[in-house]
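Colleague: Below: sequence and its predicted model.
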Amino acid sequence: MTVFTPEQVQEMKIDRVERYKRLNEFIEKGQVLFAGSSLMEQFPINELLLNYELPYKVYNRGVSGFTTIELLENIEPCILDLEPKVLFLNIGTNDLNGETYDIDGLYQNFSKIISIIKDKLPETTIYLMAYYPVKEEILQQKTTPIRYRTNKRIDEANEKVVQRIAKENDLHYIDVNEGLRDKNGEQIEAFTVDGVHMYANGYMEVLKRLLPILESIQL
């Protein structure tokens, strides 16, 4: 698997955001949006939804590598410019990388994101998605800061950040992790690409649990 330098990763983020800015000129506002980091960008939501007839459009504005700070800096092209009626958000797992991480900083940045969305888009229904489990055995073999991302950290951040913010802001919290975990609580091996990201079969398990919500949406 190709390993990119930090400079190359940053260039790819900038390019992805620029592409979204151009693409946003042609979207229909007031639809359904999936936004966040690579866990959203790699979610093949539109292809998986081809088997279902839903009466609205679904857009994906995930950016691989994004932290909460980077989403704050690019919240217009990734969220606000689309003026979604319904937003599914998964952001913050990249804040968990590194030997140590700042859970308070993650909470503060995530809270700012929600505050801006609620202020600018008061009619938007927001669903906060729990961070997915990882396959630690694979991650521990890596040399990048992602090797420090553990299921313990993920569970802690889900409880003390995502779930807390959902409760404080009267938002919906979605945890689909039961269908993604093996008997040891790690990401099911058949789903995993690299210990973090998933193949389509993993995302299909996510979609199965999102379908009741998606099918109930009326714009």
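Modeller: Received, thanks. Numbering: from 1, shown residues only.

Colleague: what about the helices in the chain?
Modeller: Using DSSP state H, the helices of the chain run over 6-23, 38-41, 45-48, 68-73, 75-78, 103-120, 136-139, 151-157, 164-168, 200-216.

Colleague: Mind giving me the packing neighbours of the first one?
Modeller: Just to be clear, that refers to helix 6-23. With contacts taken as 3 or more C-beta pairs under 8 Å, 6 or more residues apart in numbering; DSSP states H and E, helix 6-23 sits against helix 75-78. Using the backbone N, CA and C atoms, a C-beta is placed for each residue, glycine as well.

Colleague: give the contact list for the closest residue to Asn74 other than its chain neighbours.
Modeller: Sequence neighbours aside, Val17 is the residue nearest to Asn74 in space, at 5.1 Å (criterion: C-beta to C-beta, 6 or more residues apart in numbering). Val17 makes contact with Val63, Asn74, Pro77, Cys78, according to C-beta atoms under 8 Å, 6 or more residues apart in numbering.

Colleague: Could you report the distance from the first one to Tyr127?
Modeller: Between Val63 and Tyr127 the computed distance is 19 Å (C-beta to C-beta, to the nearest Å).

Colleague: cool, and the last one?
Modeller: Remark: distance between Cys78 and Tyr127 (C-beta to C-beta) = 16 Å.

Colleague: And for Ile45, the neighbour number?
Modeller: Counted by other C-beta atoms under 10 Å, the residues lying close to Ile45 total 20.

Colleague: my guess is it contacts Gly62, does it?
Modeller: No: contact status for Ile45 versus Gly62: not in contact, 9.6 Å apart, counting by C-beta atoms under 8 Å.

Colleague: Looking at the contacts of Val17, which two lie furthest apart in space?
Modeller: For the contacts of Val17, the farthest-apart pair by C-beta to C-beta is Val63 and Pro77; their separation is 9.5 Å.

Colleague: Pull up the overlap in contacts between those two.
Modeller: Joint contacts of Val63 and Pro77 (C-beta under 8 Å, 6+ apart) are Val17, Tyr20.

Colleague: May I have the beta-bridge partners of the most centrally placed residue in the chain?
Modeller: Computing the C-alpha centroid of the chain and ranking residues by C-alpha atoms, centre = their mean puts Asn90 first, at 2.5 Å. Applying DSSP bridges to Asn90 gives these bridge partners: Gly36.

Colleague: Going by neighbour count, list what's buried in stretch 194-210.
Modeller: Within stretch 194-210, the residues scored as buried using 16 or more other C-beta atoms under 10 Å are Gly195, Val196, His197, Met198, Gly202, Tyr203, Glu205, Val206, Leu207, Leu210.

Colleague: Quick one: those residues as TSV, columns for distance to Tyr101 and pLDDT too.
Modeller: TSV is the format used below for these (distance: C-beta to C-beta, whole Å; pLDDT from 0 to 100):
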residue	distance to Tyr101	pLDDT
Gly195	17	96
Val196	15	96
His197	19	96
Met198	22	98
Gly202	24	98
Tyr203	26	98
Glu205	27	97
Val206	24	98
Leu207	29	97
Leu210	28	97
